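>>> Okay, predicted coordinates and the sequence, questions at the end:
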Amino acid sequence: MQNISTYDFTGKKAIVRVDFNVPLDENFRITDDTRIRAAIPTLKKVLAGGGALIVMSHLGRPKGVTGKFSLKHIIYRVEELLGVKVQFADDCQKASEQAAALKSGEVLLLENLRFYAEEEGKPRGLAEDATDEEKKAAKAAVKESQKEFVKTLASYADCYINDAFGTAHRAHASTALIAKYFPNDKMFGYVMEGEIKAIDQVLGNPARPLTAIIGGAKVSSKIGIIEHLLDLVDNMIIGGGMVYTFAKALGGTVGNSICEPDQIDVALNILKKAEEKGVKLHFPKEVVIADSFSNDANTKICATNAIPEGWEGLDAAPSSIEDMRKVLLESKTILWNGPVGAFEMPKFAVGTNDIAKTLVEATSKGAFTLVGGGDSVAAVTQMGCADKVSYVSTGGGAMLEYLEGIELPGIKAIRE
Ligand code: AMP
């Protein structure tokens, strides 16, 4: 494994997997270029070091060649940000000549990798009534043709950089399989390096107390993370819709609040494990309840475990936020994943926004604060706090799997 900061790119062609999967409007203009901007330092490093770039990415979830998912739409922005003209290969599998002709300082962008089923290695176009045999044969066929696909991509370059943290949890052709063609010339880009460093600072050897705030709608989708983190943290604050499954498990009444009766045993196990591990679990004692799931609903404050029929808990109450604040401001390392209320509705975003503000305060007092997962990232961004916490993770699913303790294929492929 090499290091991008010290690798000598002089005269080399680098094939770089980036995450240019940006949202486009109906006129194919980029509505949020964060991911493109994130990749620029890595791309500039190769060019400044005397190398040439072959840049590859996916965009959206096409099921074949689809104009609206063409990476052509984003060239203008890459050129603006990089300050270099970007050549384009219409077909990522037929770019040999263009790649061979690239000179130092030049950039070639390959068309959307997912125009090919081989990128993900999953068969496409299977009939709905396909038999198991047919499914198996189709899977074997795409896995076979995937080998050629990977080999062709690898043939374009002398070294490989993975800078797409957002897809690091996928063992795709461009994110993992290609790495084996570059045993001595593979490395992480700066986005990947930053993400790994930030998460390891929390999970590896954190300054203590270490506190995790885990919010979100359901216990069932966060159980992996909660279980893994219980081995590591000193405090865990549980918020959001998950709270009501715990309240119910402890014999409370939760009215119409979101609740997963089939997760009650899981919730009880979490309580038991926390006690065994000496982890302090914190739940909101009071919540804001509403008489409908709407921003116009009537609301009042209520004990979390005594919610009347016809009402549902949709946010942490001010007293609970104050409790959480105390725990957070005593912490030296904080990990935040998931909103503590139905924050898409402004009326129920107060708790989540207060958490964002508290994280900023904790950061200014010297705590290391990591925010990850689509909704909490949206909350800190919305509050204008993204640059006032220690690190905001860009990889939703990848970050969650990392927090569950799963070794991500994109990271493993570079390290092994
Ligand atoms: P997740 O994707 O699991 O992190 O869940 C995020 C979603 O949980 C957001 O869409 C929130 O609106 C939702 N959520 C948080 N708290 C509640 C709640 N008390 N009731 C219903 N939904 C909630």
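That came through, no problem. Numbering: from 1, shown residues only.
>>> CA atoms for contacts and neighbours, from now on please.
Fine.
>>> Stretch 255-273 vs the ligand: in contact?
Yes: Stretch 255-273 reaches the ligand (C-alpha under 6 Å from any ligand atom) through I258.
>>> For that stretch, what is the spacing between the initial and final residues?
This stretch, stretch 255-273, spans 27 Å end to end (C-alpha to C-alpha, to the nearest Å).
>>> Tell me which residues of that stretch come out buried.
The neighbour-count check on stretch 255-273 (16 or more other C-alpha atoms under 10 Å) flags G255, N256, S257, I258, C259, E260, Q263, I264, V266, A267, I270, L271 as buried.
>>> Let me have the residues you listed in JSON lines, extended by pLDDT and secondary structure.
Below are these laid out as JSON lines (pLDDT from 0 to 100; DSSP: H, G, I helix; E, B strand; the rest coil):
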{"residue": "G255", "pLDDT": "98", "secondary structure": "coil"}
{"residue": "N256", "pLDDT": "97", "secondary structure": "coil"}
{"residue": "S257", "pLDDT": "98", "secondary structure": "coil"}
{"residue": "I258", "pLDDT": "97", "secondary structure": "coil"}
{"residue": "C259", "pLDDT": "96", "secondary structure": "coil"}
{"residue": "E260", "pLDDT": "96", "secondary structure": "coil"}
{"residue": "Q263", "pLDDT": "96", "secondary structure": "helix"}
{"residue": "I264", "pLDDT": "96", "secondary structure": "helix"}
{"residue": "V266", "pLDDT": "95", "secondary structure": "helix"}
{"residue": "A267", "pLDDT": "96", "secondary structure": "helix"}
{"residue": "I270", "pLDDT": "97", "secondary structure": "helix"}
{"residue": "L271", "pLDDT": "97", "secondary structure": "helix"}
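>>> so which helix or strand takes in L109?
strand 107-110 (DSSP states H and E).
>>> name the helices or strands packed onto the helix or strand that that strand is followed by?
Downstream of strand 107-110, the first helix or strand assigned by DSSP H and E is helix 117-120. Counting contacts by 3 or more C-alpha pairs under 8 Å, 6 or more residues apart in numbering; DSSP states H and E, helix 117-120 is packed against helix 132-155.
>>> CA atoms only for the helix it packs on - export them in CSV, please.
C-alpha atoms of helix 132-155 as CSV (Å, rounded to 0.1, in the frame of the first residue of the first chain):
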residue,chain,number,x,y,z
ASP,A,132,-33.4,-20.2,-9.4
GLU,A,133,-31.3,-22.0,-12.0
GLU,A,134,-31.6,-19.2,-14.5
LYS,A,135,-30.8,-16.6,-11.8
LYS,A,136,-27.7,-18.6,-10.8
ALA,A,137,-26.5,-18.9,-14.4
ALA,A,138,-27.0,-15.2,-15.0
LYS,A,139,-25.1,-14.3,-11.8
ALA,A,140,-22.2,-16.7,-12.9
ALA,A,141,-22.2,-15.1,-16.3
VAL,A,142,-21.9,-11.5,-15.1
LYS,A,143,-19.2,-12.5,-12.5
GLU,A,144,-17.3,-14.0,-15.4
SER,A,145,-17.6,-11.0,-17.7
GLN,A,146,-16.8,-8.8,-14.7
LYS,A,147,-13.2,-10.2,-14.7
GLU,A,148,-12.6,-8.7,-18.2
PHE,A,149,-14.3,-5.5,-17.2
VAL,A,150,-11.9,-5.0,-14.3
LYS,A,151,-8.9,-6.0,-16.4
THR,A,152,-9.8,-3.4,-19.0
LEU,A,153,-10.2,-0.6,-16.5
ALA,A,154,-6.9,-1.6,-14.9
SER,A,155,-5.1,-1.6,-18.2
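>>> Give me the phi and psi for L359.
phi -60, psi -40 (degrees, to the nearest 10).
>>> wait, doesn't it sit right on V389?
Yes: L359 is within contact range of V389, at 6.5 Å (criterion: C-alpha atoms under 8 Å).
>>> Now do the shared contacts for the two.
Residues within reach of L359 and of V389 at once, by C-alpha atoms under 8 Å, 6 or more residues apart in numbering, are T369.
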